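K.L.:
Attaching a predicted model along with its sequence, questions to come.
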Amino acid sequence: MNRKQTVTIIGKLPTMNEMISDARIHWSKSAKVKREATELVSMQCNRLKLIEAPCTVSFHWYYSGKEDFDNISGGGRKHVLDGLQEAGKLMNDNQKWVIGFGQELFTKVPKGQDKVTVTLTYIEGDNA
């Protein structure tokens, strides 16, 4: 049986280039930004039920910048998956629990309206 859950994370998550730049400045800056982004996601996942089977993860990015799509999703995916774990909704983001990524869409929005809608689709009883 396929089941889906969706959550919208309001706010701008760091891009891959921002993550790399922070890491080059100092490891503590990178760690601080990662912690803040992970907490942003974690705090907005409370209504999700526990994912108890392997799942795929799809993303709809609402972005206001000029970054390439791979830059937006590369940084954002990391924080979304870590935030789902921190919230206790996803057991782990390893290959046992996240078996792939689904559709990824991008929609340009005005500055300050950045968000991402995350859809988790899993199959109950799957032992992938």
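P.N.:
Nice, I can see it.

K.L.:
which residues sit against the longest strand anywhere in the chain?
P.N.:
As far as residue count goes, and with DSSP state E defining each element, the longest strand of the chain is strand 98-108. With contacts defined as C-beta atoms under 8 Å, 6 or more residues apart in numbering, strand 98-108 is touched by 54-64, 69, 72-73, 77, 81, 90, 119, 121, 128. C-beta: built from backbone N, CA, C; applies to glycine.

K.L.:
Now do the buried residues in the helix or strand bottoming out on mean pLDDT in the chain.
P.N.:
Taking mean pLDDT, DSSP states H and E as the measure, helix 16-25 is the helix or strand of the chain with the lowest mean score, a mean of 87. Burial within helix 16-25, assessed by neighbour count using 16 or more other C-beta atoms under 10 Å, is assigned to 16, 18-19, 22.

K.L.:
Secondary structure element for Thr119, which one?
P.N.:
Following DSSP states H and E, the helix or strand that holds Thr119 is strand 115-123.

K.L.:
same deal with Asp82?
P.N.:
Secondary-structure element containing Asp82, defined by DSSP H and E: helix 69-86.
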